[in-house]
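*Asks:* below is the sequence, then the predicted model.
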Amino acid sequence: MNVTFTKPWTVERFLIWAAGQEERYEFDGKQPVAMTGGSGRHNRISQNIYAALRARLRGSRCSYFGPDLGVRTAGDKVRFPDALITCTKFPETERLAPDPVVVFEVLSPDSGRRDRIEKVRDYASVASIRRYVIVESSGVGLLVLHRQQGDAAFTALPLSGEHILDLPEIGIEMPVAEIYEDVDFEDTASAG
C-alpha cells in the first residue's frame with residue numbers, strides 16, 4: 001500500500017507558492033483559494049481609490065497599497081484587500097502588511113457574501129484595523145465598518161454619493177463621489 005504524505009500548507013508556503021502563480025489566490029488557513037477576476041468597473045473604482053489615497057497621503061507617515069499586499073488574519077488566513085493603509089514602515093520585499101489600519105474591498109457580483117460576512121470576521125480579528133470599507137460596484141454606496149481602539153466589534157455606517165468618507169485614523173477624508181468618478185452604471189440599469 002502506497003501512502004502519499006503531503007506537506008501541510010502554511011502561510012509561508014502559501015506566500016512563496018502564490019508569488020509564482022499567474023492567477024490571484026487567498027489563503028483560507030488550510031489551502032489556497034482562487035480569487036475571481038475583476039471587471040473594468042471594479043478596476044476603475046480601485047484605481048480611483050488609489051488616486052484619492054495617493055493625493056491625500058503624500059508626505060504623511062501612512063502609505064496605501066494595492067491588492068498584491070496581504071493581510072494575515074485569524075486562523076492564519078491571508079486576505080488581499082483591494083486597498084489597504086498602514087502607518088508602519090516595513091521592508092518593501094514583504095508580502096504581508098504590518099499593522100493595517102484601513103482596508104477596502106470592492107464588491108464583485110460573486111464576492112458579496114464573502115466580503116460582507118467572512119471578511120468582516122477576518123478583518124475584525126486584526127486589532128490594528130480600525131476601518132473596513134466595503135465598496136459597492138453595482139451602484140454608488142459604501143458600507144463603512146469602524147471601531148474605536150480597544151473595541152472588538154465593528155459599527156456599520158452606510159454612505160451614499162453625497163457623503164464624505166471620513167478616515168480619522170489616518171487624518172484624511174474624501175467624497176464618496178470621488179471613488180466613483182468616471183464609473184458607468186448604465187449597463188447595470190439596462191441589464192436589470
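*Replies:* Noted; the coordinates are in hand. Since we're looking at a predicted model, the values are computed, not measured.
*Asks:* okay, now K119: neighbour count?
*Replies:* Neighbours of K119 under the rule other Cβ atoms under 10 Å: 23. (Glycine included, C-beta is placed from N, CA and C.)
*Asks:* let me know the secondary structure of it.
*Replies:* helix (DSSP: H, G, I helix; E, B strand; the rest coil).
*Asks:* D28 versus that one, what's the distance?
*Replies:* According to Cβ to Cβ, to the nearest Å, K119 stands 12 Å off from D28.
*Asks:* now swap in R130 and tell me
*Replies:* For R130 relative to D28 (Cβ to Cβ), the value is 24 Å.
*Asks:* what about these two, which has more around it?
*Replies:* Taking other Cβ under 10 Å, R130 and D28 do not tie; R130 has more neighbours (22 against 17).
*Asks:* is it true that the more buried one touches F154?
*Replies:* No. With contact defined as Cβ atoms under 8 Å, R130 does not reach F154; the gap is 9.4 Å.
*Asks:* any common contacting residues for the two?
*Replies:* Common contacts of R130 and F154 (Cβ atoms under 8 Å, 6 or more residues apart in numbering): H146, R147.
*Asks:* which residue lies nearest the spatial centre of the chain?
*Replies:* The residue lying closest to the centre of the chain (Cα atoms, centre = their mean) is P81, at 2.2 Å.
*Asks:* which strand in this structure runs the most residues?
*Replies:* If you go by DSSP state E, the chain has its longest strand at strand 100-106.
*Asks:* helices or strands up against that strand?
*Replies:* helix 40-57, strand 83-86, strand 131-135 (3 or more Cβ pairs under 8 Å, 6 or more residues apart in numbering; DSSP states H and E).
*Asks:* in a markdown table: the ones you listed, plus mean pLDDT and mean neighbour count.
*Replies:* Output for the helices and strands packed on strand 100-106, formatted as a markdown table (pLDDT from 0 to 100; neighbours: other Cβ atoms under 10 Å):
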| stretch | mean pLDDT | mean neighbour count |
| --- | --- | --- |
| helix 40-57 | 96 | 17 |
| strand 83-86 | 98 | 24 |
| strand 131-135 | 96 | 24 |
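*Asks:* who wins for proximity to P8 among the ones you listed?
*Replies:* Closest approach to P8 among those is made by strand 83-86 (27.4 Å; Cβ to Cβ).
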